[in-house]
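> Below is the sequence, then the predicted model.
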Amino acid sequence: MARERGIRMTLGTQRVWVGGLAMLLASAGCQAIAQNQMPDAPQAQQSVPNAPQPQALPTLNTITPVAPALPTTPSEAGASTSTDTPAQAAAPTTDATDAAQSQDQGPPPASTRTALNTLSVNVQFHTIPFTVKDRKGHLVPGLTYRDVRVYENGVLVHPAAFTTDPAPLSVALVIDQSVTHDTMEKINDSLSALQGAFAPSDEVAVFTYNNGVKEQTTFTGAQSARLSAVLEQSKAVGRDPLMGLTGPLAHDQVVNNMPIDGVADSGHQPGSMSFTVPKEYHTLNDAILAAAKALSATDYHRQRIIYVISDGKEYGSKASQKEVIRYLLTNNVEVWATQVGDASLKGMGFVDRMHIPLTMRDDVLPKYTAQTGGQFDSEFRPRGIEDSFSHIAAEVRAQYAVGYYTHESPFNESYRKTEVRVLRPDLTIICKDGYYPNASDSARARSKMMQNTQGAPATTPAPQ
């Protein structure tokens with residue numbers, strides 16, 4: 001009995017201890033729950049705003065990889081390689097990988113090019129129009145950017161844009177009214193055929209010069225009635241090839257080199273004869289400069305052309321030829337010309353190019369066209385002058401254009417020599433030999449090229 005009583009007392013003690021422990025645990029759990037549910041009274045009553053919390057670092061796996069750089073040679077752009085396997089081509093890729101691969105598949109889509117047109121970046125983008133001819137002087141079509149290599153100051157640059165699409169023209173027509181009477185008649189007879197060389201989307205301004213420059217009309221539609229009327233009023237008489245003569249032959253009546261008695265002598269010495277050539281003024285430099293200034297304000301999406309109809313003589317201009325050429329190369333203006341008069345005859349043009357110091361320059365057009373990438377025709381007959389209009393317009397529209405980002409510093413305003421090579425034999429490339437940088441036109445040139453680009457290498461924004 002005593003043993004059983006002891007066992008019961010032990011069991012009872014254990015029950016009391018276990019029960020007390022359970023009560024303690026239950027009380028602790030209730031307090032924890034109550035503390036979690038109760039609001040933070042001191043924080044709710046705090047009137048001073050909390051200090052800013054530190055920002056958490058972003059998740060690193062959300063960073064988009066940078067797109068690959070442009071290919072080093074044109075042959076790598078827009079062409080698939082032989083190392084790509086079918087499994088790699090069919091493997092799923094992320095959006096970033098798709099964007100990277102699209103850089104190697106040719107030009108960006110139209111939506112991307114539109115976005116690039118409105119992007120403002122600190123770059124220097126330059127465009128070179130050029131003409132390609134074969135041995136017979138015929139235009140060579142069908143070239144692609146893979147056939148072209150561009151060098152600036154002797155360094156190979158990567159073409160960022162290439163186009164064969166003709167752009168609408170802004171043409172400043174310069175008509176020489178200081179030519180001789182017979183040459184002016186030929187120009188007058190041929191002016192009626194000039195409008196047929198232009199498209200309705202072109203615009204034309206007309207300048208004439210003799211002893212000074214006159215703007216006949218600002219830019220107007222190439223097929224407008226206004227241009228027809230202006231061309232009609234631009235016809236002139238020309239100058240007479242007169243030579244001043246003094247001496248005995250200048251008297252009214254002369255017998256045996258002596259004036260007849262009774263005739264008043266004008267003071268000439270008997271037996272003497274001298275020639276006084278009147279001064280001629282041919283302000284061709286000033287006329288080209290005035291036309292270039294008008295073109296510099298036109299829309300850059302148009303191709304800027306100065307078309308000169310002249311015998312090429314220059315005398316009396318305030319601007320020098322060197323200054324005018326620099327202005328042309330800075331504003332991307334090309335000079336094309338139809339050479340008329342005696343300078344257009346075979347052999348005579350060569351003699352005219354031999355300039356004697358302190359005398360009139362008889363033929364300055366070849367230097368203007370060669371420096372700016374244009375060309376000129378030499379025509380003596382009226383029918384040849386008319387055919388020259390359509391021939392020059394056709395060659396202007398057949399030009400290629402390649403654009404690239406220059407590696408030169410934007411603070412370097414010196415002359416930059418350029419060279420265009422075509423990887424085909426026996427071809428002649430006609431383009432300007434260099435240019436002067438123009439920061440204001442760089443972004444607009446890039447916009448123009450991106451809109452006209454077809455089949456060009458992929459383009460990406462250049463770094464700041």
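Looks like it arrived, so ask away.
> And for Ser388, the neighbour number?
For Ser388, the neighbour count with other CB atoms under 10 Å is 25. Just so you know, the C-beta spots here come from the backbone N, C-alpha and C atoms, and that holds for glycine as well.
> got a list of contacts for whichever strand or helix holds it?
In this structure, Ser388 is located in helix 382-397 according to DSSP states H and E. By CB atoms under 8 Å, 6 or more residues apart in numbering, the residues outside helix 382-397 that reach it are 131, 139, 166, 169, 186-187, 189-190, 193-194, 196-198, 303, 305, 307, 309, 334, 336, 338, 340, 375, 377, 379.
> which intervals of the stretch 1-150 of the chain have sub-threshold pLDDT?
1-123 (pLDDT under 70).
> List the buried residues of the helix or strand harbouring Arg421.
Following DSSP H and E, one finds Arg421 within strand 416-422. Neighbour-count burial for strand 416-422 flags Arg416, Thr418, Glu419, Val420, Val422 (criterion: 16 or more other CB atoms under 10 Å).
> and the residues you listed as CSV, adding distance to Ala205 and pLDDT?
CSV is the format used below for the buried residues of strand 416-422 (distance: CB to CB, whole Å; pLDDT from 0 to 100):
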residue, distance to Ala205, pLDDT
Arg416, 29, 94
Thr418, 28, 95
Glu419, 32, 95
Val420, 29, 96
Val422, 34, 95
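> Which of the residues you listed sits closest to Ser296?
Arg416 (18.9 Å; CB to CB).
> returning to what we had before: tell me which entries of the contacts of helix 382-397 lie within helices.
Using DSSP state H, Lys186, Ile187, Asp189, Ser190 are the members of the contacts of helix 382-397 that sit in helices.
> how about the closest residue to Pro200 other than its chain neighbours, what does it touch?
Residue nearest to Pro200 in three dimensions, not counting chain neighbours: Gln223, with 4.9 Å by CB to CB, 6 or more residues apart in numbering. Neighbouring residues of Gln223 by CB under 8 Å, 6+ apart: Gln195, Phe198, Pro200.
> For Gln223, what is the enclosing helix or strand?
Using DSSP H and E, Gln223 maps to neither a helix nor a strand.
> what do you get for the one 4 residues further on?
Of the helices and strands defined by DSSP H and E, Leu227 is found in helix 225-233.
> If you count contacts, what does that helix end up packed against?
If you count contacts as 3 or more CB pairs under 8 Å, 6 or more residues apart in numbering; DSSP states H and E, helix 225-233 packs onto strand 203-210, strand 212-221.
> Return the most buried member of these.
Counting by mean count of other CB atoms under 10 Å, strand 203-210 has the highest mean neighbour count of the helices and strands packed on helix 225-233, with a mean of 23.
> Over to Ala291. Which of the three states is it?
helix (DSSP: H, G, I helix; E, B strand; the rest coil).
> do the one 4 residues further on as well
In terms of secondary structure, Leu295 is helix; the call rests on three-state DSSP.
> what sits against the closest residue in space to it that isn't next to it in sequence?
Once flanking residues are discounted, Leu295 sits nearest to Arg304: 4.4 Å by CB to CB, 6+ apart. Neighbour list for Arg304: Ser170, Leu295, Ser296, Thr298, Asn331, Asn332, Val333, Glu334 [criterion: CB under 8 Å, 6+ apart].
> just curious, which of the contacts of Gln223 is nearest to Cys431?
Using CB to CB, Phe198 is the member of the contacts of Gln223 that sits closest to Cys431, with 22.8 Å.
> State the number of residues packed around Gly196.
Number of residues near Gly196 (other CB under 10 Å) recorded here: 12.
> Repeat that for Asp189.
Asp189 has 14 neighbours, counted by other CB under 10 Å.
> what do you get for the one 4 residues further on?
Residues within reach of Ala193, counting by other CB under 10 Å, total 16.
> That one: what's it in contact with?
With contact taken as CB under 8 Å, 6+ apart, Ala193 is in contact with Glu386, Phe389.
> Same question for Leu231.
For Leu231, the contact set (CB under 8 Å, 6+ apart) comprises Leu191, Ser192, Leu194, Gln195, Val206.
> Nearest residue to the second one in space, please, no chain neighbours.
Read that as Ser192. With sequence-adjacent residues excluded and distances taken as CB to CB, 6+ apart, Ser192 is closest to Leu231, at 7.3 Å.
> Next one: the one you found relative to Asp189, how far apart?
12 Å (CB to CB, to the nearest Å).
> Ala297 now?
Separation of Ala297 from Asp189 (CB to CB): 33 Å.
> swap in Gly312?
Applying CB to CB, the value for Gly312 to Asp189 is 20 Å.
> Same question for Ser390.
Separation of Ser390 from Asp189 (CB to CB): 16 Å.
> and if you look at Thr164?
Taking CB to CB, one finds Thr164 at 35 Å from Asp189.
> Repeat that for Thr372.
For Thr372, the distance to Asp189 equals 28 Å [CB to CB].
> do the same with Asn412
Relative to Asp189, Asn412 is positioned 49 Å away (CB to CB).
> what's the answer for Asn331, then?
Remark: distance between Asn331 and Asp189 (CB to CB) = 33 Å.
> Same question for Leu423.
For Leu423 relative to Asp189 (CB to CB), the value is 45 Å.
> Kindly report the same for Arg397.
Per CB to CB, Arg397 is found 26 Å from Asp189.
> can you tell me the helix or strand for Pro129?
Element membership of Pro129 [criterion: DSSP H and E] is strand 125-133.
> got the angle between the next helix or strand along the chain from that strand and strand 416-422?
Per DSSP H and E, the first helix or strand lying C-terminal to strand 125-133 is strand 148-152. On the basis of axes from the mean of the first three to the mean of the last three CA atoms, to 10 degrees, strand 148-152 is oriented at 170 degrees to strand 416-422.
> what's the angle from strand 148-152 to strand 125-133?
Counting by the same axes, to 10 degrees, strand 148-152 lies at 130 degrees to strand 125-133.
> Just the residues contacting the helix or strand just after strand 148-152, thanks.
With elements assigned by DSSP H and E, the helix or strand that comes after strand 148-152 is strand 155-157. By CB under 8 Å, 6+ apart, the residues outside strand 155-157 that reach it are Arg149, Val150, Tyr151, Tyr404, Tyr405, Thr406, His407.
> What helices and strands are in contact with the helix or strand containing Gly403?
Assigned by DSSP H and E, Gly403 falls within strand 400-405. On a contact count with 3+ CB pairs under 8 Å, 6+ apart, strand 400-405 meets strand 125-133, strand 148-152, strand 159-163, helix 439-452.
> so how far is His158 from the residue nearest to Ser192?
45 Å.
> surely Gly212 meets Thr283?
Yes. Using CB atoms under 8 Å, Gly212 makes contact with Thr283 at a distance of 6.1 Å.
> Any idea what the closest residue to Leu284 other than its chain neighbours is bridged to?
Excluding the flanking residues, the one nearest Leu284 by CB to CB, 6+ apart is Glu314, at 4.5 Å. Beta-bridge pairing for Glu314 (DSSP bridges): Arg361.
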